[in-house]
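[1] here is my input, please return the structure:
(2 chains)
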Number of protein chains: 2
Amino acid sequence: MTRSAFAALFMAAATPLLAQTPVDPKVAALRDAALDDDTAWDIVEGLTTEVGPRLAGTAAEARARDWSVRKLTALGFANVRVDTFPMPVWSRDIDSESAAVVAPFPQPLAVTALGNSAATPLGGIQGEVVGFDTIDDLIAAPDASVRGKIVFVSHAMPRTQDGSSYGAFGRPRREGPSVASRKGALAIVIRSIGTDYHRNPHTGVQTWADGATPIPAAALSLPDAEQLQRILKRGQPVTLRLNLQNRMTQGQSGNVIADVPGRDPNAPPVLVACHLDSWDLGTGAVDDGAGCAIVAAAAKRIMNAGRPLRPIRIVWFGAEEVGLFGGLDYRAKYGKQLHYALAESDFGAGRIYRVNSNLGPARKAEAQALQRALAPLGIVPGELDSAGGSDIGPMLADGLPGVELQQDGTHYFDLHHTQDDTLDKIDKKDLQQNVAAWTTMLAVLSGGIGPEPKRRSRR
Amino acid sequence: MTRSAFAALFMAAATPLLAQTPVDPKVAALRDAALDDDTAWDIVEGLTTEVGPRLAGTAAEARARDWSVRKLTALGFANVRVDTFPMPVWSRDIDSESAAVVAPFPQPLAVTALGNSAATPLGGIQGEVVGFDTIDDLIAAPDASVRGKIVFVSHAMPRTQDGSSYGAFGRPRREGPSVASRKGALAIVIRSIGTDYHRNPHTGVQTWADGATPIPAAALSLPDAEQLQRILKRGQPVTLRLNLQNRMTQGQSGNVIADVPGRDPNAPPVLVACHLDSWDLGTGAVDDGAGCAIVAAAAKRIMNAGRPLRPIRIVWFGAEEVGLFGGLDYRAKYGKQLHYALAESDFGAGRIYRVNSNLGPARKAEAQALQRALAPLGIVPGELDSAGGSDIGPMLADGLPGVELQQDGTHYFDLHHTQDDTLDKIDKKDLQQNVAAWTTMLAVLSGGIGPEPKRRSRR
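    Numbers count the residues shown, from 1 in each chain, chains lettered A, B, ... in the order given. Predicted structure coming up:
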């Protein structure tokens, strides 16, 4: 037994959180019924099939918003609306991206540009490769060793259940291009920030630091990155050809918002979120079609059961992948309003294994009631003073209360930002467990479900 | 228990094959030492890294032959030579292949041409899709329902350990293009003949039947084929765009041959084979770099132990993938000569689980001795009247004796003929078990290893 697991057991014995009061039978019934949910699958199947890839700011994302308005309206939600906002749009010609070892062992490599990469001239560029095992090795390298060359940066990202390796090992993508540019590199290719051994390069956003001129910046799949390492180890000069076609334009994105009205129209809403945009390579099934499907399906289950005390607000954010534009737009427009809680589903379709929350000391009993209600789904009670989320992150940092239903991300970075992010990767049972957890959370936080208010008769 | 498993148990009880005579300790020692083999990994790592993809008849395959001659010579084999032959060469522009749904739900699909496909005009063709669940449904369809359209054929190929599903369910690839052409189709796309859910279309050869004009013929990955099925099920007309650039030229291939001399120079050789060419999408690690590595590593282990009674002949065939050209060239040149046995490794790098042979009734005791010697590697005694192999198949059909070391192919068709056929897919321990089995087979069939003949002194 690890020391931390032992400590957890000891603390559980000292403060038996889960044994205080029984779970409300209505909440338990909603939770258990949601394990047979069909709505979430219907949403993610429809979005990925009828829209497919939906890069932020493009016509495809606009089609996704139209689809979403129709779908959320058909599901019976109220006030379905779109908040649009302008944004810069980086887009690529997928069919024009290629890389190849020219010498000493000519062969193609699987590659894709990182977000905001510069384009190469038509037909590509060619240069000598200089390889580094870590981003810190690149940072430490003299400029002269890099100038005019194609930098290659590797790393050793491991699998983690909570995805924490993405933060630590994502530096080659986030920092590598700017560091290489400042040192005068011709271009940079990195080992994809991912964990799968398929010919799937992982794209993802990177932002040019001050003083860094955009250069071509791309990711190799893991098999290709290791192939390039083997070739470099032979000790001969290695020449790479790189062709990346892409452009920056101005465009529009938007947040799709819908409501479940509450019995108390003045109560602050419980906001449940996901992001509607996806990277362009796959159909955005796990990132983040699944999240949109989960939160809407859970809200619909509450709506179908009656009327919650507090309103529920669904937000399918736009343009998350390329810089949280949707979350920042919402925050600018509504971030000062009261929200009862914020929560976002944006870590795939794996089962939820832990719940964290940050509702404040005054609501500790409510947070513990939520833990108890979730435990039968195999969900570990986690922190009471932390919560996370992508688009909602800045508002959580502002101090708004939040809940975090942590998904098992052991396999998430096998698919993340690749062409392999497609519907077939979603396990329907896992998706239903997610819906059950979100339904439970909404049943607890929305203040209890009552009868529909009587409609005024027109006699 | 299945009926055949019961029958196998009953027969084993009736004729205790494995209990007759003990295994020769020298054979057992060679077998067990081979489980630590490094040579096979060294070969497949070198070939896939320093040559990479090596399509039959191309300059890349010629580089592979040069590499092979250097490698086999460096390993100490005798008479390393190349038998060349001319052949028609079909090749593609990998970076120019693309497909997309144009309507009703615009999105790209992952596609690759089948061997001998016609090219589309530059920029591609566009047409309405007509879908069929099986090749027989296509065959039964009236020509008018297909004429001028893009045919889509699906299938339901399952995983099988022995690969038998490839024969039965490979018909959409082998027959589909000719059937579609004869019915006047504009083009054909099939669900890849494969078992993986990655965006990996599986290429493979198909040959135009008499009266069938070449048309564009391609494979979609499984996720894309199922996406197209979902889109078709919406009931609206579906328009597909297909761009495939490729050409036919004349070229040259060749078989690389090397020997382990025997103590009896007049004894017929034991021939061990693989194919050196690969499809162009991956680096041909499991198909069939692994096979070449296994048979050469086993022959080297025998050579290092002393001198076998019978010679061992290694053949790394050329141009297997596109029509067994290398096997047929060898058969035309040497197929009438006596061979003690033929065996080929061409089913990936999975563990060997069964041995079949067809050495004839007079050599039953030898075949059983081989079974006994292999059993400690977890290898089931199989048939005594059948053997198989790709390039050696025509010679086995001619009546030459053969041994078949069957590999576990449960996951073989996840990678077969895709870009994902790369070195990282090979498990070194499984590769070593293969080398041990082939070393055992050579130790048994080569007639016993004796001392090196004394060299004439030059005093």
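
[2] quick one: neighbours of whichever residue of the stretch 251-400 of chain A sits closest to chain B, just the number.
    When scored by C-beta to the nearest C-beta, the stretch 251-400 of chain A has residue A:283 as its residue closest to chain B, at 7.1 Å. All C-beta spots, glycine's among them, are computed from the backbone N, C-alpha and C. By other C-beta atoms under 10 Å in any protein chain shown, the residues close to residue A:283 number 30.

[3] repeat that for residue A:266.
    There are 8 residues near residue A:266, going by other C-beta under 10 Å.

[4] residue nearest the centroid of chain A?
    For chain A, residue A:346 is the residue whose C-alpha lies nearest the centre (C-alpha atoms, centre = their mean; 3.9 Å).

[5] surely that one forms part of a strand?
    No. Under DSSP: H, G, I helix; E, B strand; the rest coil, residue A:346 falls outside any strand and is assigned coil.

[6] rewinding a little: which SS state does the residue of the stretch 251-400 of chain A closest to chain B fall under?
    Criterion first, three-state DSSP; result for residue A:283: coil.

[7] what's the closest non-adjacent residue to it?
    Closest residue to residue A:283 apart from its sequence neighbours, by C-beta to C-beta, 6 or more residues apart in numbering or on different chains: residue A:48 at 4.2 Å.

[8] can you report how many residues neighbour the one you found?
    That count, for residue A:48 with other C-beta under 10 Å as the rule, works out to 29.

[9] you'd agree residue A:416 is up against residue A:194?
    Yes. Contact criterion C-beta atoms under 8 Å: residue A:416 and residue A:194 qualify, at 6.1 Å.

[10] and the stretch 101-250 of chain A, which residues reach chain B?
    For the stretch 101-250 of chain A, the contact set with chain B under C-beta under 8 Å from any C-beta of the partner chain comprises A:101, A:104-108, A:110, A:197-200, A:222-223, A:226-227, A:230-231, A:234.

[11] just the buried residues of the residues you listed.
    A:101, A:105-108, A:110, A:197-200, A:222-223, A:226-227, A:230-231 (16 or more other C-beta atoms under 10 Å in any protein chain shown).

[12] quick revisit: need the pLDDT of the residue nearest to residue A:283.
    pLDDT recorded at residue A:48 is 98.

[13] again with residue A:190
    The score at residue A:190 is 98. That number is its pLDDT.

[14] which residues touch it?
    By C-beta atoms under 8 Å, 6 or more residues apart in numbering or on different chains, the contact set of residue A:190 is A:114, A:152-155, A:172-173, A:176, A:217-220, A:225.

[15] tell me which helix or strand residue A:188 sits in.
    strand A:187-191 (DSSP states H and E).

[16] for the residue nearest to the centre of chain A, what are its contacts?
    Per C-beta under 8 Å, 6+ apart, neighbours of residue A:346: A:273-275, A:287-288, A:291, A:320, A:389-391.

[17] one more: residue A:428?
    Residue A:428 touches residue A:41, counting by C-beta under 8 Å, 6+ apart.

[18] next one: residue A:409
    Counted by C-beta under 8 Å, 6+ apart, residue A:409 has contacts A:160-163, A:347-348, A:350.

[19] in the stretch 101-250 of chain A, what spans have low per-residue confidence?
    Filtered on pLDDT under 70, the stretch 101-250 of chain A yields no residues whatsoever.

[20] ok, the stretch 351-459 of chain A next?
    A:453-459.

[21] tell me the phi and psi of the residue nearest to residue A:122 when sequence neighbours are not counted?
    Spatial nearest neighbour of residue A:122, chain neighbours left out: residue A:245 (7.2 Å); criterion: C-beta to C-beta, 6+ apart. Per-residue torsions, residue A:245: phi -110, psi 130 (degrees, to the nearest 10).

[22] now the helices for chain A?
    Listed in chain order, the helices of chain A (DSSP state H) span A:3-14, A:25-33, A:39-50, A:59-74, A:135-140, A:164-169, A:171-174, A:176-182, A:222-233, A:290-305, A:325-334, A:364-374, A:393-398, A:428-445.

[23] show residues contacting the fourth one.
    Residues external to helix A:59-74 that are found in contact with it (C-beta under 8 Å, 6+ apart): A:43, A:46-47, A:50-55, A:80-82, A:252-254, A:256, A:258, A:276-277, A:280, A:292, A:296, A:314, A:316, A:318-319, B:106-107.

[24] which members of these are classed as buried?
    Buried among those by 16+ other C-beta under 10 Å: A:43, A:46-47, A:50-55, A:80, A:82, A:252-254, A:256, A:258, A:276-277, A:280, A:292, A:296, A:314, A:316, A:318-319, B:106-107.

[25] what is the neighbour count of residue A:174?
    Residue A:174 is flanked by 17 other residues according to other C-beta under 10 Å.

[26] stretch A:306-326 spans what distance, first to last residue?
    This stretch, stretch A:306-326, spans 30 Å end to end (C-alpha to C-alpha, to the nearest Å).

[27] any residues of the stretch 251-400 of chain A in contact with chain B? List them.
    Within the stretch 251-400 of chain A, the residues that sit near chain B (C-beta under 8 Å from any C-beta) are A:282-283.

[28] which residues does the residue in the stretch 101-250 of chain A positioned nearest to chain B contact?
    Nearest to chain B in the stretch 101-250 of chain A, going by C-beta to the nearest C-beta, is residue A:107, at a distance of 3.3 Å. When contacts are counted by C-beta under 8 Å, 6+ apart, residue A:107 is found next to A:100-101, A:227, B:51-53, B:60, B:283.
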